[in-house]
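In: quick one, fold the following:
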Amino acid sequence: MLKKTAIFFTIFVIVVSLIPIPELPKKIFSLNDKLMHFLVYIIMSGFWIKVGFDEKFHLFNKYIYMVIGIGFFSEILQGILPINRHFEIFDMLANLTGIVMSLSLGYALYYKNNSN
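Out: Now for the predicted structure:
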């Protein structure tokens, strides 16, 4: 069930990231937007880290690389595709920060549970 939820959430993130938006103004920097990127990627990474643990993989598994790829390529595609969206390096950094935070929490929980 968790894997299906992770798949659904991931597809949702990809679709929302690539939906054309009419008349999107070029923003310099929006803290709310970066916070949203951070939260979405911490949640998505958390789902996939848990799926990886349930499947007996190590923490750095194929799922984390997949999430990193989604964060990277969705931002690249926003800059390339004619969907009236913009590439922003700070969005990529917010995505990566969310992934790193999720990995850190995953490690902390893993070592806390396995130290007993």
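
In: how about the secondary structure of residue 65?
Out: helix (DSSP: H, G, I helix; E, B strand; the rest coil).

In: list the residues that contact it.
Out: By CB atoms under 8 Å, 6 or more residues apart in numbering, the contact set of residue 65 is empty. Heads up, the C-betas are built off the backbone N, CA and C, glycines and all.

In: what residue lies at the spatial centre of this protein?
Out: Most central in the chain under CA atoms, centre = their mean is residue 41, positioned 2.9 Å from the mean C-alpha point.

In: which residue packs closest to that residue, ignoring adjacent ones?
Out: Using CB to CB, 6 or more residues apart in numbering and skipping residues adjacent in sequence, the residue nearest residue 41 is residue 98, 3.2 Å away.

In: likewise residue 53?
Out: residue 110 (7.1 Å).

In: do residue 6 as well
Out: Residue 6's closest residue in space is residue 47 (CB to CB, 6+ apart), at 3.7 Å.

In: gap between that neighbour and residue 101?
Out: 14 Å (CB to CB, to the nearest Å).

In: could you do residue 37 as well?
Out: Distance, residue 37 to residue 101, by CB to CB: 12 Å.

In: what about the residue nearest to residue 53, how many residues close to it?
Out: Here the number of neighbours of residue 110 (other CB atoms under 10 Å) works out to 14.

In: from residue 49, how far off is it?
Out: 9 Å.

In: now swap in residue 55 and tell me
Out: 11 Å.
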